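1. Kindly generate the corresponding structure for this input.
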Amino acid sequence: MPYLFFGDPNGDSSGGWADAGKFLTGFSAVGTIAVPTILHHAGKITGGALWMELVAVVCMGTSLLAYDIVSKDEGGTFFSSTSAF
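-> Below is the predicted model of the structure:
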């Protein structure tokens, strides 16, 4: 989400806001996996909770990749001129 807010829609990835969006996106992606792993290592959550969270991350990542592939095949963006919005 941070990269969607701070990224450049023209694809120019140089600049302060684009770099801040990349940093925050990477930080949240690492934190999504690191925080539950640390909690499991500290004995605060069970192994089942850790695996359930990791499976959820894989499902979300797979969904985003599938959406990206489908939207590129259709030749448009989500908010194209044929959209109902």
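
2. Gly21 and Val35: what is the separation?
-> Distance of Gly21 to Val35, computed by C-beta to C-beta, to the nearest Å: 21 Å. C-beta coordinates here come from the backbone N, C-alpha and C atoms, glycine included.

3. Between these two, which has more neighbouring residues?
-> Gly21 (20 against 12; other C-beta atoms under 10 Å).

4. and the more buried one, which of the three is it?
-> Classification of Gly21 by DSSP: H, G, I helix; E, B strand; the rest coil places it in helix.

5. go on, Trp51?
-> When classified by three-state DSSP, Trp51 comes out as helix.

6. From Pro36, how far off is it?
-> Separation of Trp51 from Pro36 (C-beta to C-beta): 10 Å.

7. Tell me which residues of stretch 15-24 come out buried.
-> 18, 21 (16 or more other C-beta atoms under 10 Å).

8. on that earlier part again, neighbour count: Trp51 and Pro36, which is higher?
-> The neighbour comparison of Trp51 against Pro36 (other C-beta under 10 Å) goes to Pro36, with 20 against 12.

9. now for the host helix or strand of that one, which elements pack on it?
-> Using DSSP states H and E, Pro36 sits in helix 16-41. The contact analysis (3 or more C-beta pairs under 8 Å, 6 or more residues apart in numbering; DSSP states H and E) places helix 16-41 against helix 2-6, helix 47-73.
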